[in-house]
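Colleague: quick one: sequence plus predicted model below, questions after.
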Amino acid sequence: MPFLAGCTADRRPLSLTKPQTRRELDKAERWAKQSGPPPGYPFGESLEEGMIGKIPFGTYINFHFAPGSLRRELMDRSPARFSGQKNHGNNSPGSRLAFFEVGFWLLGLFGLLGVPGEMVCPAQEPPAAFQQLQRRWPNGPFQDPKQFPIAVWLQDPRNAGRYKEIGIALYVGLWKGPTEAQLAELRRHQMPVICEQNDYALAHREEKLIVGWLQDDEPDNAQPLPGGKGYGPPVPPEKVVQRYQEIRRRDPSRPVLLNLGQAVAWDDWHGRGVRSRHPEDYPLYVQGGDIVSFDIYPVVHPKPAVAGKLWYVPRGVQRLRQWAGPDRVVWNCIETTRISNLQVKPTPQQVKAEVWMSLIFGSQGIIYFCHQFKPQFVEAALLADQEMAEAVGQLNRQIHQLAPVLWTPDRRDLVAVAVQPAEVDEEMARLLGATPIAWTAKVYENNMYIFAVRMQPTPVQAQFRLRAPLGADGVQVLVLGENRRLPIQNGAFQDRFGPYEVHLYEITLRASPPTTSPEAEAVQPESTSGRKPENLPPPDGSGKSAPSSSSVAGRSEREKPVSPEEQPTLPPMEFHPEMSYSVGPDGWIMRNKWTDNQITQAAKGQQEAQALWQKLAPRYAKWVTPEKVRELSRWAQNQMAGYRSVPPLEKTVLEPTGLSPEGRLLVLEGTIDTLPSHHRLVTRWLKVYVHYDLSAKKIVRVVFTIRGQLEE
C-alpha cells in the first residue's frame, strides 16, 4: 500500500511514497525561492507511483496522511492558473507552498472507505469536454460545469440583476462599450460579459468579468455604405479572420465570439447582397472565431419560406457545426419577442422547442434576443413580457440543472427511436433530414438521459427502445419537470408528443452502458426511421441493435475490419491548442500498467497503425501548416513567429501510449517536430495522437496538438 493516497484538484487518483512527496515539496520550495517556473507554463511534476506525468500548476494536490488528516496542499499562485480551478487560502502571490492545515478526517468516513490511506475525492470531476474548454481559455466563460452558457444579446447592464433572476449567466455585447460605468454595474450583479476589445477593455485585461471578446456582428451580411447610400458587399472572410488573429494576439486567454447571420441556416437570405446563395463562404468565416454563433428567428420571420418553420434553427446549428469542426464551439441565438412582427410573437412553447432543438443538435450555448422594434422600441422586451420571462426562467433553471449532463458525449448508440406517423415536411426532410422527433441520449453518473423534441406542429407517438441490457422490464422512466413516470416494457417505453413538445427522460441504470469509441460519440443527430413502434427490431443477443435506419449512421461500417495496407476514408481530424488535450479519458489504461498480453497486443497494433499512418499522413499535410501550428501555440508567441515549415508527417514514428478499458482502442503518440520555446527549461513538441481500433484495424481519430515539458 502506498504511504500516501489522495487526488489532484481535477479529482484524478494520486498515489505517492514518502520520498517522492519530500522531493516534490523540496522542488516547490526551491522554485518559490528562485524565479519560479517559466511564466504562464502550466507544469508541475505528478508523483503518481510508477510513472512520472504532468499536472497543471493551476490545480492543487491534496495529500491525506493515514490514519489522521495532516494535509499538505501544493498550489500555484503564479500567472499560470490555467485549469480554471479556484485558489484557496490567503497566500502570498509568489508562494508555491500554499499552507499546512492540521485536522482530522471523520473516522467514520475512513470506515466507510475501508483501509486507512484509501483515496478520498470529495467532488466529482467535471466532464472532459468542459475541462478542455476550461483549460483552453482560463479566463473564458467556462468556469463552472454546473452552469450552462445562457446569455442575452446587447442589454443594458442595469437590468443584469433581473436577468440573473431568470437564469441568465452571461451578457454578450455592450452598447458602445465596454465602459467603466458598464463594467461597474455588471460587477455589482456579478454578471460576466463577452464584449468588444476596445481600448478600455485592453487596459483592464485583468478584469475577471470580461470572459470573451466580440467580433463585429454579422459580417457575412451586406454592409451599409457611408452616408446611407445603400448596402455594399459583406466583409470578406479574410478580413474577419485577420481581425480574429489580431484580437487573439492581444489576449489568447479568452475566446473570440463571432456571430453570423441567418444565411447560416437559409441559403436564400437576400441580406447577403452579392454573396447571397454562396454558402461556400462560411468554412472560412468560422475561422474568425473560437465561439461561432448565428441567428434566425423563424416564428416572427417576414418571409413565408421561413416563417413558422422552427426547424431552421437546428438546421443552422447542424451546418455551423459541420463548418466549424471540432476546434470551435457553436452557440446560437433564440427569439423571445415579436421583434418587428405586429401580428405574431413566439409562444413559450415555441421558444422552449427552439432551445432544445439547438441543444440536441449540438449547440453549446444559448443567446436570447430580447429586443422589440415595433410597434415601439423596447430593449428589454423579454423582461417586459411576464409570461415569457417566467417561462424562460423555468427553462433556464432546468438547463442549468442538466448542465453536467449536457457536457457529456452523445450516446445515441444506446437508443433506437421510432415515430408514428413518420411523415414530415418535405422541405425539412430535404434540408435537415426526415426527423419527426429530434433526440439525443447521454449517460451521467448512474443515469441515462434522453432529450427529445417534436419537430413539427402536429402530434405523434414515439417509442424509445434501449440497447440491451439497459432496458430491463420494470424500470421506471422519470419524465423531468412533468411529475410522471413511464414503464419500460419489452425493452422500450412509449410517449406522446404534442406540437413542438419537449420531453426529457431520466432512467436509472441497473447495468453499466456498453462502451463506445470516440468516433461514435462524434456522430451528428440523424433522422429517425419513421417505423411503427411495433415493427422496431429488438436488440439481438450480442447487445447490438439490429440494423435499421434509426441506428447510428456508419456503425455497421465501423465493425468491418480493413486491411492494414489500405484505409478507404480519411479519419476525423482534430486540432487542440497547446496543453489542452488529454491523452486518454478517465479509465484508460496507460502504458506502465499494461499486462504482458496487452503489451503484445499494443505492439501488433503499433505495426498496423504505423503502416496505415504512412499512407494517410500525406493527406493531412495540407491542414497541418506552419500557420496552423502557430495558431495552436499558447506560449512562445514571439519565438513561434519564425516557425516556417512542418516536417513530413509520414516520417513520424508512433509509440503506443494507452489502451481503452475494454482493450479495443489503442492511442499512439508521435512527435512531429521540436518547436521554439520561450524558456530554457521548457521543451515543446508538435505532437500527433492516433486512435487505432484494434478490432476493425483502422485509424478512427487523429489529434494534432502541442505538448511541453518542464526540465529539471
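Modeller: In hand now; what should we look at?

Colleague: what ranges in this structure fall below the confidence cut-off?
Modeller: 1-125, 511, 514-568, 583-587, 712 (pLDDT under 70).

Colleague: remind me, longest helix of it?
Modeller: helix 596-620 (DSSP state H).

Colleague: I'd like the next helix or strand past that helix.
Modeller: helix 626-632 (DSSP states H and E).

Colleague: list the helices and strands that following helix packs on?
Modeller: Counting contacts by 3 or more CB pairs under 8 Å, 6 or more residues apart in numbering; DSSP states H and E, the secondary-structure elements packed against helix 626-632 are strand 573-576, strand 698-710. (Glycine included, C-beta is placed from N, CA and C.)

Colleague: okay, those in CSV with distance to Arg454 and mean neighbour count next?
Modeller: As requested, the helices and strands packed on helix 626-632 are arranged in CSV below (distance: least, CB to CB, whole Å; neighbours: other CB atoms under 10 Å):
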stretch, distance to Arg454, mean neighbour count
strand 573-576, 33, 19
strand 698-710, 34, 21
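
Colleague: nearest to Ala617 among the ones you listed would be which one?
Modeller: strand 698-710 (9.0 Å; CB to CB).

Colleague: now do the helices in the stretch 451-600 of the chain.
Modeller: Using DSSP state H, counting those that start in this stretch, the helices of the stretch 451-600 of the chain run over residues 518-521, 555-558, 596-620.

Colleague: okay if I get the ones you listed as TSV plus distance to Lys229?
Modeller: Listed next are the helices of the stretch 451-600 of the chain as TSV, based on distance: least, CB to CB, whole Å:
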stretch	distance to Lys229
helix 518-521	51
helix 555-558	55
helix 596-620	47
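
Colleague: can you show me the strands along the stretch 51-200 of the chain?
Modeller: The residue ranges that make up the strands of the stretch 51-200 of the chain, judged by DSSP state E, counting those that start in this stretch, are 54-55, 61-64, 71-74, 97-101, 150-153, 170-172, 193-195.

Colleague: between the helices and strands packed on helix 626-632, which gets nearest to Arg634?
Modeller: With CB to CB, the closest approach to Arg634 among the helices and strands packed on helix 626-632 belongs to strand 698-710: 7.7 Å.

Colleague: which secondary structure elements does that closest one contact?
Modeller: Of the remaining helices and strands, those touching strand 698-710 by 3+ CB pairs under 8 Å, 6+ apart are helix 518-521, strand 573-576, helix 596-620, helix 626-632, strand 665-675, strand 682-693.

Colleague: can you put the ones you listed in CSV and add distance to Met455?
Modeller: Formatted as CSV, the helices and strands packed on strand 698-710 follow (distance: least, CB to CB, whole Å):
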stretch, distance to Met455
helix 518-521, 23
strand 573-576, 30
helix 596-620, 37
helix 626-632, 37
strand 665-675, 34
strand 682-693, 33
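
Colleague: closest to Gln155 out of the ones you listed?
Modeller: Short answer: helix 626-632, nearest of the helices and strands packed on strand 698-710 by CB to CB, at 32.4 Å.

Colleague: quick check: buried residues in the closest one?
Modeller: Of the residues in helix 626-632, those with enough neighbours to count as buried (16 or more other CB atoms under 10 Å) are 629-632.

Colleague: with only the CA atoms kept, save it in PDB.
Modeller: The C-alpha coordinates for helix 626-632 follow below in PDB (Å, rounded to 0.1, in the frame of the first residue of the first chain):
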ATOM      1  CA  PRO A 626       3.100  26.400 -40.100                       C
ATOM      2  CA  GLU A 627       0.200  28.800 -39.800                       C
ATOM      3  CA  LYS A 628      -1.900  26.200 -38.100                       C
ATOM      4  CA  VAL A 629       0.900  25.200 -35.700                       C
ATOM      5  CA  ARG A 630       1.400  28.900 -34.700                       C
ATOM      6  CA  GLU A 631      -2.400  29.100 -34.100                       C
ATOM      7  CA  LEU A 632      -2.200  26.100 -31.700                       C
END
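
Colleague: so for Pro233, which of the helices and strands packed on helix 626-632 sits nearest?
Modeller: Using CB to CB as the criterion, the shortest distance between Pro233 and the helices and strands packed on helix 626-632 is 30.1 Å, found for strand 573-576.
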